[in-house]
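Here is my input, please return the structure:
(4 chains)
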Number of protein chains: 2
Amino acid sequence: MATIEDVAKRAGVSAMTVSRVLNNSGYIGVKTREKVERAIEELGYVPNALARSLRFKTTHTLALVLTDITNSYFTTVARGVEDMANARDFTVMFCNTDESPDKEMKYLSVLAQKQVDGVLLVPAFSSPDPILFLKARGIPVVVLDRRIPDVEVDTVRTDSVRGAYQITRHLLDLGHRRIAILTGPVEISTSTDRVAGYKQALLEAGLSEADAVIMGGAYTISSGYQLAQRALALKPTPTALFAGNNFIAIGVLRALRDAGVRVPDEMSVVSFDDLPSTTVVDPFLTVVSQPAYAIGEQGTSRLFDVLAGRAQTAPLDLVLPAELIVRQSSGAPRRKDQDMG
Amino acid sequence: MATIEDVAKRAGVSAMTVSRVLNNSGYIGVKTREKVERAIEELGYVPNALARSLRFKTTHTLALVLTDITNSYFTTVARGVEDMANARDFTVMFCNTDESPDKEMKYLSVLAQKQVDGVLLVPAFSSPDPILFLKARGIPVVVLDRRIPDVEVDTVRTDSVRGAYQITRHLLDLGHRRIAILTGPVEISTSTDRVAGYKQALLEAGLSEADAVIMGGAYTISSGYQLAQRALALKPTPTALFAGNNFIAIGVLRALRDAGVRVPDEMSVVSFDDLPSTTVVDPFLTVVSQPAYAIGEQGTSRLFDVLAGRAQTAPLDLVLPAELIVRQSSGAPRRKDQDMG
DNA sequence: CTGTTAGCGCTTTCAA
DNA sequence: TTGAAAGCGCTAACAG
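Coordinates of the predicted model:
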């Protein structure tokens, strides 16, 4: 890799002159500029961003730390981040934590060392530690998708409470009275928020706390499968299942298929998170769809505001609305079930 | 961000001593080490990887340049790359080119500036330029998923020819004689390879070149939709459609649904690329499944070999086998159709 | 219009 | 066992 010194030598000028043509700063003679440009061309020279960054203390690099890029929801978030970053000539590093706080912390440390200008974080866990770590090192963070309690951070997320409320309300309106919510780990805000919205709808419909059937597991297919099995074993059996995310929903649907329970005739199923339209021929599942791309975009946009110093305001908590999409997986409960309710 | 100098001052030693405890190099007094470690702790010091990289000429950073992370196939490739990189304490930058050679070139230039140690590239186009660009700057590349002609590069990809052969053969064995292949852009090797495998199977079954129905478009849902519509308009109508990738397959299935054509009763459909099992309840499509994760992993592994200098051999062309998975979307052609064939 | 000096944070000599 | 000097590649500030 040629250096600025190599170019300077070849063009018969000083490194400073080369730097000037590179950055279009200061005055440069036409002939000098030409010579330099030729030398750059001939050597295939590209400036060393490391050296630059060392001086300027900015790397034009962001990091996206998330739980699993393989979840289509996060894939879309990632795309939103990358597009926005790219528009500002920033580059993005991505890191999968697999919901492990350890892995997350290890990554954050590496990212701090690499001097990333900012971090977009989908926290593995509801702990303020990662935020404090970054703040202590002067690295701006924006939290995506989840809330972290007890700490001041910019956050961009979906309105889980309202989304869950809406979809539960939808089931109630259809006549369901025994609705189970099968959700993720209680330590994650999306999970508790969804439960909160669910409860709110129940109470508003005249049901009591005792009517809530809340089953927590993990945001995975296998967890969804097991939760659904347990839900089916309940007496009385719920007439509708509310899956806390898309993975759980898939697990639930598989469990119902294996148990020979027809959807929606014998059981209504709804879910938070849509499935990617690129992998589905006939969307079937009634869902609350999250604005995944917008979350990535808006979060990154906020990060840029902070970097530009125009974010002196209080911590942002941007809550984007979810959209209820009613499809075929939800219907009225069967008579028999209603009578029992 | 504290520097090594800050730590040194606080510990009452020189920067060099701090450096030594950081890297466990040379002899250090026990008490000195303690003092230094305390200072590091108190300041929350993390070494500046930029400065280190500037000296060592290695950044412990790879880049993954692909067409669209939103394609579930590439998402899985990305995960394979990241896992392997992470295992070696490398970090990955990702870049979406959207199949645009311009965007690709822009990214490669930035990546060269940022001194990434290596690049994993899913080329947007069958041009040797990006490879030559990187080679000229001494940056190792491994091409993933696609071949690039007229240039020596390490490549890790699926055996598209054989995969296409197998799945076409499967259709032929079922009795199909009019099989249309609806594939991607002719400039991309995966596309031409799949057509080659398809033809090979046809010829081997005693059909002629004239029996091949080859329709090229783009690797997108809308292209798949249109190609299927055109295929349906052919006389005689094909009895089976072979989609060149997963997006095309979705488009095809939607077109058939809209046209009221039942699968597989009235039309068999098969596809290259499986759909992510995480978004599908009941896999239905007969596919050739690509080892996406392994492609990411193996490609990255090769990159590490090159970086470690233990890859003096001729360019690698690692061709991983695809797996035929027969499901419900393919069946025997109807009698009527067979008679016409 | 162009060049010299100094320094970003770190580590490899070479001395002490 | 520890420290001082020099340099990785680049550019701001100050000459000239």
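
looking at chain A, which helix or strand is least sure?
helix A:335-340 (a mean of 55; mean pLDDT, DSSP states H and E).

right, is stretch A:58-71 up against DNA strand D?
No. On the criterion C-beta under 7 Å from any atom of the strand, stretch A:58-71 is out of touch with DNA strand D, staying 11.6 Å away. Bear in mind the C-beta positions are built from the backbone N, C-alpha and C, glycine included.

For chain A, what lies in contact range of DNA strand C?
A:13-17, A:20, A:26-29, A:31-33, A:51, A:54-55, A:57.

Going through those, which ones are buried?
A:13, A:17, A:20, A:28, A:32, A:33, A:51, A:54 (16 or more other C-beta atoms under 10 Å in any protein chain shown).

Assess the claim that the second one and residue A:32 are in contact.
Yes. Under the criterion of C-beta atoms under 8 Å, residue A:17 lies in contact with residue A:32, with a separation of 6.3 Å.

joint contacts of those two?
residue A:11 (C-beta atoms under 8 Å, 6 or more residues apart in numbering or on different chains).

taking the residues of chain A next to DNA strand C one by one, which sit in helices?
Using DSSP state H, the members of these that fall within helices are A:15, A:16, A:17, A:20, A:31, A:32, A:33, A:51, A:54, A:55.

Pipe those residues into TSV and attach distance to residue B:280 per row.
Shown next, in TSV, are those (distance: C-beta to C-beta, whole Å):
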residue	distance to residue B:280
A:15	58
A:16	60
A:17	61
A:20	58
A:31	65
A:32	63
A:33	59
A:51	49
A:54	48
A:55	51
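
Help me see whether stretch A:1-16 makes contact with chain B, please.
Yes. With C-beta under 8 Å from any C-beta of the partner chain as the criterion, chain B is reached by stretch A:1-16 at residue A:1.

ok, and for that stretch, which residues are buried?
Those would be A:1, A:2, A:4, A:6, A:7, A:8, A:9, A:10, A:11, A:13, for stretch A:1-16 by 16+ other C-beta under 10 Å.

Likewise for stretch A:141-159?
Quick answer for stretch A:141-159 (16+ other C-beta under 10 Å): A:141-148, A:151, A:153-159.

try stretch A:121-128
Here stretch A:121-128 shows A:121, A:122, A:123, A:124, A:125, A:126, A:127 as buried, counting by 16+ other C-beta under 10 Å.

ditto for stretch A:30-50
A:32-33, A:35-36, A:39-40, A:43, A:45-50.

do the same with stretch A:70-85
Buried, per 16+ other C-beta under 10 Å, within stretch A:70-85: A:70-85.

from the residues you listed, which two are the most distant?
Pairwise distances across the buried residues of stretch A:70-85 peak at 21.6 Å for A:70 and A:84 (criterion: C-beta to C-beta).

and the nearest residue to residue A:93 once chain neighbours are set aside, what element?
Leaving aside its chain neighbours, residue A:93 sits nearest to residue A:63 (4.6 Å; criterion: C-beta to C-beta, 6 or more residues apart in numbering or on different chains). If you go by DSSP states H and E, residue A:63 is part of strand A:61-66.

Check which helices and strands the helix or strand just after that strand is in contact with.
Moving toward the C-terminus from strand A:61-66, the next helix or strand (DSSP H and E) is helix A:72-87. The contact analysis (3 or more C-beta pairs under 8 Å, 6 or more residues apart in numbering or on different chains; DSSP states H and E) places helix A:72-87 against strand A:61-66, strand A:91-96, helix A:292-307, helix B:72-87, strand B:91-96.

now, of the ones you listed, which is deepest in the fold?
Highest mean neighbour count of the helices and strands packed on helix A:72-87: strand A:61-66, a mean of 26 (counted as mean count of other C-beta atoms under 10 Å in any protein chain shown).

Run me through the strand neighbours of that strand, direction for each.
When pairing is defined by DSSP bridges, strand A:61-66 lines up against strand A:91-96 (parallel), strand A:118-121 (parallel).

one step back: and DNA strand D, which of the buried ones among the residues of chain A next to DNA strand C contact it?
A:51, A:54.

Switch the buried ones among the residues of chain A next to DNA strand C over to JSON lines; also include pLDDT.
Shown next, in JSON lines, are these (pLDDT from 0 to 100):
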{"residue": "A:13", "pLDDT": "93"}
{"residue": "A:17", "pLDDT": "94"}
{"residue": "A:20", "pLDDT": "94"}
{"residue": "A:28", "pLDDT": "88"}
{"residue": "A:32", "pLDDT": "92"}
{"residue": "A:33", "pLDDT": "92"}
{"residue": "A:51", "pLDDT": "96"}
{"residue": "A:54", "pLDDT": "95"}
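
Need the buried ones among the residues of chain A next to DNA strand C in JSON lines (columns: distance to residue B:264).
Below are those laid out as JSON lines (distance: C-beta to C-beta, whole Å):
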{"residue": "A:13", "distance to residue B:264": "71"}
{"residue": "A:17", "distance to residue B:264": "70"}
{"residue": "A:20", "distance to residue B:264": "68"}
{"residue": "A:28", "distance to residue B:264": "69"}
{"residue": "A:32", "distance to residue B:264": "71"}
{"residue": "A:33", "distance to residue B:264": "67"}
{"residue": "A:51", "distance to residue B:264": "61"}
{"residue": "A:54", "distance to residue B:264": "62"}
